[in-house]
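Trainee: quick one, fold the following:
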Amino acid sequence: MKSHLLLSLVVTQECGDIVGACTIRDRKTISDRYKHEGMSFLTITLPQFCKDFERSLSRSEVRRDVFQAFVWHAGLPRFLSGFLDKVFDRGTGRLLDDACPYAIQAVRQISLLHSKIEIECTPERDQRALDGYIECEAEVKVADGLLSEEMVDEFVYYSNLLFRDMFLDIEKSMFSEYAIPKHGPGKTAERVEGNFKFASRSWTDRLEKVFPAGDYLLPGHHYSDEYGAVTWAEPGQELPVRVVLVPKTPKSPRIIAIEPVCMQYMQQALLRWFKEAHQRDNLLKSFIGSRYQAPNQRLALEGSITGALATLDLSEASDRVSNRHVELLFQRHSLLAEAVGATRSLTADVPTHGVIPLSKFASMGSAMTFAMESIVFTTIIFMAIGRQLSRRLTRKDLKSFLGEVCVYGDDLIVPTTYAPVVIECLESYGYKVNSSKSFWTGSFRESCGKEYWSGHDVSVVKARSVLPASRKDGHEISATVALRNLMYKQGMWATARWLDDRIKKLIPFPIVEESCAGLGRYSFLGWKAERGEAGECLQRPLVRAARIHAPSPLSDIRDDGVSSLLKWFLKQGEDPFELESYERLGRPAAVNIKVHWMPPF
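Mentor: Numbers count the residues shown, from 1 in each chain. Next up is the predicted model:
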């Protein structure tokens, strides 16, 4: 892990060279504290420094309740003082009128470099995350119990105002066409993977009422003799989702709830109807993003310039969407309510806690989670706006907020004027606003992975994986190549050269275009050939480059005619299946590196 210390020192020095700040003491502080605190200084302490820095930007001054882990000199911390002095006045702590955006970006780059590195947490932090999952479930139940009749009526009114036409459109599709389900590449609660999902014959009584197994588990009614092999599960016998922990940050893991095969299969079908109906509604397309993050990012930029738009972020958003709230969304759409309810798992198997009933709609892992949370949060936003205006909004009122309200999952854009009441309304329904990542004062805004200050893009590059030690570390090599190229595009050329030297010790590392299939380094000067290849009809330049070889796991169903035919009928798109797709499917179990001669473009 010492290589990450060296990377931090290189980045700190280059940021100082760009901004014109001396970093000798800063690099010594990083080295000394790494020696005593280890990786936690880079992955936890420094990211907290950035949170305090961003909070100070939103306040337009530095107060004594921030930067608690660092020594102060006058009104600012000593650490990164060469950068901070270009942003805040050291005597008063107030934001300078001519604060340097490059210094702001440099502070963020140094402190956030390792904030998202995917390494496993300590067992204590893992257990804390699982305990937090149970506590969150209890809090959802409490919030459900606090819903008054007035709150329910208000929620139903605004959900109907916003989504009535979309829900009717979906119900029309349910009457007029078959759903088109699909199997995803991920894991399942039964541990059935790849093509073997098409051979699954498990179904639930709840699904059968809306999506008959004869229509969706078999390729056609000619195969009705296979119907007897279907295993049925009553509500009390259904398989629970399997809760697992995956690396997210060293501070806390990400919690995923892995769905049973039949559930994720039909969730994908239902999600397809939702997406298609959403795209047909011009008003909702402007308020809710489902495909692209660019609208949120564009509005965050606008908010940093004008101050008229706030960016809000929610904590544990997917785990706090109550099933009660989702039921209220569809109170006037019984057919759709039954379909959404049928594809929702009722229980979860949580490590160290056993199987528990779920009050939340679904955790991250359900195909419907993102759509439902976006719909619920949009409903509450307009509810809050109506409260501040002391009247119920109309459809005409909604159009006046085009370009001012935008929701992408738990990333919310709202007018600054309404930000406090939106936060209050969200919290009254049991949601938690992440104060460290929500901004409505000052000139800093953050949404969907982009950060802006006063119209300047101050987004930074983050390491996502540990640095590789050998060619066997295929995933790490690929991630480090991506890190190098992002650093190069960011203008961090000294850091890019340092990474070049490390990568070249493991694999050939030629200059290539971004479209090249191999792992190479990007350059504004263009690609450089290492040799040529000539033939009767072909003459092209070549480079020797490494390539990721990550075959999908073997799951051969060619001898299973029923499952193969079902997969063929469920094919979406115009391109035909390759034969290999019936032999292998799913996420690769391992990543290997192979070296080839290939075109650099």
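
Trainee: my read: Ser366 touches Glu259, true?
Mentor: Yes: Ser366 is within contact range of Glu259, at 5.8 Å (criterion: Cβ atoms under 8 Å). C-beta here means a position set from N, CA and C on the backbone, and glycine is covered the same way.

Trainee: so what sits against both of these two?
Mentor: Common neighbours of Ser366 and Glu259 (criterion: Cβ atoms under 8 Å, 6 or more residues apart in numbering): 241, 267, 345.

Trainee: which one of these is nearest Trp568?
Mentor: Sorting those by how near they are to Trp568, with Cβ to Cβ, puts Gln267 at the top with 21.6 Å.

Trainee: residues in contact with the closest one?
Mentor: Gln267 makes contacts with 259, 343, 366-368, as judged by Cβ under 8 Å, 6+ apart.

Trainee: okay, the helix or strand harbouring it in PDB with CA atoms only?
Mentor: If you go by DSSP states H and E, Gln267 is part of helix 261-280. Presented in PDB, the C-alpha positions along helix 261-280 are these (Å, rounded to 0.1, in the frame of the first residue of the first chain):
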ATOM      1  CA  VAL A 261     -34.300 -15.400 -10.200                       C
ATOM      2  CA  CYS A 262     -38.000 -15.100 -10.900                       C
ATOM      3  CA  MET A 263     -38.200 -11.700  -9.200                       C
ATOM      4  CA  GLN A 264     -35.400 -10.000 -11.000                       C
ATOM      5  CA  TYR A 265     -36.600 -11.600 -14.300                       C
ATOM      6  CA  MET A 266     -40.000  -9.900 -14.100                       C
ATOM      7  CA  GLN A 267     -38.700  -6.700 -12.500                       C
ATOM      8  CA  GLN A 268     -36.800  -6.200 -15.700                       C
ATOM      9  CA  ALA A 269     -40.000  -6.600 -17.700                       C
ATOM     10  CA  LEU A 270     -41.900  -4.100 -15.500                       C
ATOM     11  CA  LEU A 271     -39.000  -1.700 -15.600                       C
ATOM     12  CA  ARG A 272     -39.100  -1.700 -19.400                       C
ATOM     13  CA  TRP A 273     -42.700  -0.600 -19.400                       C
ATOM     14  CA  PHE A 274     -41.900   2.200 -16.900                       C
ATOM     15  CA  LYS A 275     -39.000   3.400 -19.000                       C
ATOM     16  CA  GLU A 276     -41.000   3.400 -22.200                       C
ATOM     17  CA  ALA A 277     -43.900   5.300 -20.600                       C
ATOM     18  CA  HIS A 278     -41.500   7.800 -19.000                       C
ATOM     19  CA  GLN A 279     -39.900   8.600 -22.400                       C
ATOM     20  CA  ARG A 280     -43.400   9.200 -23.900                       C
END
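
Trainee: any idea of the mean pLDDT in it?
Mentor: Across helix 261-280, the average pLDDT comes to 95.

Trainee: now it: buried residues?
Mentor: Burial within helix 261-280, assessed by neighbour count using 16 or more other Cβ atoms under 10 Å, is assigned to 261-274, 277-278.

Trainee: could you pull out the helices in the stretch 501-601 of the chain for me?
Mentor: If DSSP state H, counting those that start in this stretch is used as the criterion, the helices of the stretch 501-601 of the chain fall at 561-569.

Trainee: okay, and for it, where does confidence drop off?
Mentor: Regions of the stretch 501-601 of the chain meeting the criterion pLDDT under 70 cover residues 533-538, 574, 576.

Trainee: hang on, the earlier thing: closest to Gly520 out of the shared contacts of Ser366 and Glu259?
Mentor: Gly520 lies nearest to Gln267 out of the shared contacts of Ser366 and Glu259, by Cβ to Cβ, at 38.7 Å.

Trainee: now do that closest one against Leu585, distance only.
Mentor: Distance of Gln267 to Leu585, computed by Cβ to Cβ, to the nearest Å: 18 Å.

Trainee: ok, now Arg254?
Mentor: Distance check for Arg254 against Leu585: by Cβ to Cβ, it reads 24 Å.

Trainee: the longest helix seen in the chain versus helix 261-280: what angle between them?
Mentor: In the chain, taking DSSP state H as the definition, the longest helix is helix 149-176. Orientation note: helix 149-176 sits at an angle of 100 degrees relative to helix 261-280 (axes from the mean of the first three to the mean of the last three Cα atoms, to 10 degrees).

Trainee: what helices or strands is the helix or strand following helix 149-176 leaning on?
Mentor: The helix or strand immediately downstream of helix 149-176 is strand 202-204, counting by DSSP H and E. Using 3 or more Cβ pairs under 8 Å, 6 or more residues apart in numbering; DSSP states H and E as the contact definition, the elements that strand 202-204 packs against are strand 231-233, helix 261-280.

Trainee: can you list the strands that strand 202-204 pairs with?
Mentor: Sheet partners assigned to strand 202-204 using DSSP bridges are listed as strand 231-233 (parallel).

Trainee: where do the helices of the stretch 351-500 of the chain begin and end?
Mentor: Ranges of helices in the stretch 351-500 of the chain, per DSSP H, counting those that start in this stretch, are 369-389, 395-399, 419-428, 474-490, 493-504.

Trainee: ok, which of those comes nearest Arg59?
Mentor: Nearest to Arg59 among the helices of the stretch 351-500 of the chain is helix 419-428; the distance by Cβ to Cβ comes to 15.0 Å.

Trainee: adding distance to Thr394, write the helices and strands packed on strand 202-204 out as JSON lines.
Mentor: Rendered in JSON lines, the data for these read as follows (distance: least, Cβ to Cβ, whole Å):
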{"stretch": "strand 231-233", "distance to Thr394": "45"}
{"stretch": "helix 261-280", "distance to Thr394": "21"}
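
Trainee: tell me which of Arg254 and Leu585 has more neighbours.
Mentor: Remark: of Arg254 and Leu585, Leu585 carries more neighbours, 22 against 13, as counted by other Cβ atoms under 10 Å.

Trainee: next, give phi and psi for Ala529.
Mentor: Comment: the main-chain dihedrals of Ala529 come out as phi -70, psi 150, following degrees, to the nearest 10.

Trainee: residues touching it, list them.
Mentor: Going by Cβ under 8 Å, 6+ apart, Ala529 touches 541-543, 600.

Trainee: can you tell me which of the residues you listed lies nearest to Ala310?
Mentor: If you rank these by distance to Ala310 using Cβ to Cβ, Pro600 comes first, at 45.3 Å.

Trainee: hmm, that closest one is touching Cys516, no?
Mentor: Yes: counting by Cβ under 8 Å, Cys516 is a contact partner of Pro600 at 5.5 Å.

Trainee: can you list the domains in the protein?
Mentor: When the chain is parsed into structural domains using automatic domain parsing, the resulting residue ranges are 2-117, 123-453, 474-598.

Trainee: could you dump those domains into CSV and include distance to Ser465?
Mentor: Listed next are the domains of the chain as CSV, based on distance: least, Cβ to Cβ, whole Å:
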stretch, distance to Ser465
domain 2-117, 7
domain 123-453, 10
domain 474-598, 4
